Each structure stands twice: as structure tokens, then as C-alpha cells.
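In: missing the sequence, but the structure's below:
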């Protein structure tokens, strides 16, 4: 990697950025990768595959801190364990697609822009869609007109599992596993660690209460972050000094955010997530337009 983008100033900026992202991660129950990747790639100038690898590895810090602060019970690991069945395959598939895109871009006149365009395009669509939906849903809930969850887990696809503390009905294991497969693929491709899609997915697709969904989300984020770290390390996408700076800042920020998050209403959390996703999606879209104009 170019030494110009791995100097002391880069390390300081990476630490500060990770602290801010970690605070938001603990507050909203997210891994924070969807914020870190644009920051590392656009502002700090890291190649896209390195930014994705660093963000995936960094998410371990906030996720571990969050789990220790919230004291997650043993029963809350059952649902993430089932989702993990699809995560394993999805994570390695997504990381492989990113690696191939970065290698293809390196042999053309655009450098690594193929990986940049691929990742930023998917980011832009996901963030704008999730942002608009979350803002709309939180406003509906504030007017006492909450959205009825789809409850995909109740589809008649055996075998089933029971989660009496979370769902009144049995949940389809294959549906949860396919959800994990999609989640894992996007996590491996984007370095988002899963929280970006998992949190609204658990709430709106499966009907899990917001606060319980946050705990389940961060348990799964911890699992998928470990898997993504292994996948990106295999493809040599991880720069250790950058990751250490991100872990330092992210762990401190997540501790503060997790304490603040317990004092905020669920509808406020969803609305805040929506505006954050919408703003980040707009920023990513502007960067994508600039990249396409340079081709």
C-alpha cells in the first residue's frame, strides 16, 4: 500500500472517525461499517477492498464492547446461531466477488474503480431505500399507525424452531437461513458486518421488538464480523495498523453509545437510523456520480 496514505496523520484521522462511528454503532445497534467504508475510501483514500476489509475487521471491537455492556443472555444467541447457517457461505461469496472486481480493475485504465463502482452502487441503493423507509415507518409509529411486520419466519417451510421470548409462533429455519445467506453476501461485499440490514430486517420482516432486535443484531454482527475478518484476511484485504486505530476509537465510542441507547425510545432510534442512512446514501451517491464522470 502507498506509504502516503498510511502515515501518522492517517492513523489519527482513522482513530477519530472510528470513535464517532462506534458511538453511533452502540447507540443504534449497528456495526458501523456502512459509515466507515465511505470515510476510509473517499476521505482517507484507502483502496476500496482495503476499506471494506478494515471495516469488517473493526466491527469486532464495537460488537464485543456492546455485548459486554448489555450483558446479552444465553437465550439471545439461539436466533443468531440459526441465521449463521447462511452467513458462512454468503460472507465468503461476497468477499470473493469483491476480490475479483478489484483484480479486474487493476488491469484497466481506471485502476481499482470497478470495485469502487460496484461497492458504492450497492451502498447507494441500500442506504437510500433503508433511510426513506425507516423515516416513513418511524413517523407512522409516532402517529400510532405502526407498520404491520411481514412475519416471513412464519411461512410454512419446515423444519421450524421455537423462540417463546421473541415470537408467539414457530419460525421457519430455512427462511432464517436464506436471510442469513443474503446478509452474509452483502456483508462480505460491503464490509457492513450485517447490522445495516439485520436490524430493520428483524423488525419489519420478522416482527421482533426494537430493543430485542438490537441485542440480536449485535450478537449476529459479532459473528459475521469474525467471519468477514477471516474471509478478507484470506484475500489480503486487511491493513493491521489501520484496523488497530479503528478498534481503539470504535471500542471507546461504542461503550458510550450503548449506554446512551438504553435511554432513547425505539421509534426515536429508528428515525435516527433513517436520517443517518439517508445522509450517508446521498454522500455515497455523489461520490459514485463523480467516479462515473471520470471514466
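Out: Right, received. Where do you want to start? In this text, all values refer to a predicted model and were calculated from it rather than measured experimentally.
In: What helices and strands are in contact with the strand or helix carrying residue 124?
Out: Take DSSP states H and E as the rule and residue 124 turns out to sit in helix 113-142. Other helices and strands packing on helix 113-142, by 3 or more Cβ pairs under 8 Å, 6 or more residues apart in numbering; DSSP states H and E, are helix 33-38, helix 48-58, helix 78-106, helix 173-190, helix 195-200, helix 266-294. C-beta coordinates here come from the backbone N, C-alpha and C atoms, glycine included.
In: can you put these in a markdown table and add distance to residue 247?
Out: As requested, the helices and strands packed on helix 113-142 are arranged in a markdown table below (distance: least, Cβ to Cβ, whole Å):
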| stretch | distance to residue 247 |
| --- | --- |
| helix 33-38 | 11 |
| helix 48-58 | 6 |
| helix 78-106 | 20 |
| helix 173-190 | 18 |
| helix 195-200 | 17 |
| helix 266-294 | 21 |
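In: okay, which residue is most central for this protein?
Out: Using Cα atoms, centre = their mean, the residue of the chain that lies closest to the mean C-alpha position is residue 192, 3.0 Å off.
In: And what about that one, helix, strand or coil?
Out: With DSSP: H, G, I helix; E, B strand; the rest coil as the basis, residue 192 sits in coil.
In: tilt between the helix holding residue 124 and helix 266-294?
Out: Computed with axes from the mean of the first three to the mean of the last three Cα atoms, to 10 degrees, the direction of helix 113-142 lies at 150 degrees from that of helix 266-294.
In: any idea how far residue 198 is from residue 74?
Out: Distance from residue 74 to residue 198, counting by Cβ to Cβ, to the nearest Å: 20 Å.
In: okay, those two: which has more neighbours?
Out: Neighbours were counted for residue 74 and for residue 198 using other Cβ atoms under 10 Å; residue 198 has more, 29 against 6.
In: Which pLDDT does the model give residue 12?
Out: The predicted structure scores residue 12 at 83 on the pLDDT scale.
In: Okay, angle between the helix or strand containing it and helix 48-58 too, please.
Out: In the assignment (DSSP H and E), residue 12 maps to helix 8-28. With the same axes, to 10 degrees as the basis, helix 8-28 and helix 48-58 are set at 50 degrees to each other.
In: Summarise which helices and strands helix 8-28 is packed against.
Out: With contacts defined as 3+ Cβ pairs under 8 Å, 6+ apart, the packing partners of helix 8-28 are helix 33-38, helix 60-70, helix 240-261, helix 266-294.
In: Find the nearest non-adjacent residue to residue 38, please.
Out: Residue nearest to residue 38 in three dimensions, not counting chain neighbours: residue 284, with 5.5 Å by Cβ to Cβ, 6 or more residues apart in numbering.
In: what residues are up against residue 288?
Out: Taking Cβ atoms under 8 Å, 6 or more residues apart in numbering as the contact definition, residue 288 lies against 117, 120-121, 124.
In: can you rerun that using 6 Å?
Out: Contact criterion Cβ atoms under 6 Å, 6 or more residues apart in numbering gives 120, 124 as the residues in contact with residue 288.
In: Now do it against residue 122, distance only.
Out: Residue 288 sits 10 Å away from residue 122, going by Cβ to Cβ.
In: what number of residues lie near the residue nearest to residue 38?
Out: The number of residues packed near residue 284 is 25, by other Cβ under 10 Å.
In: Kindly report the same for residue 292.
Out: For residue 292, the tally of surrounding residues (other Cβ under 10 Å) stands at 12.
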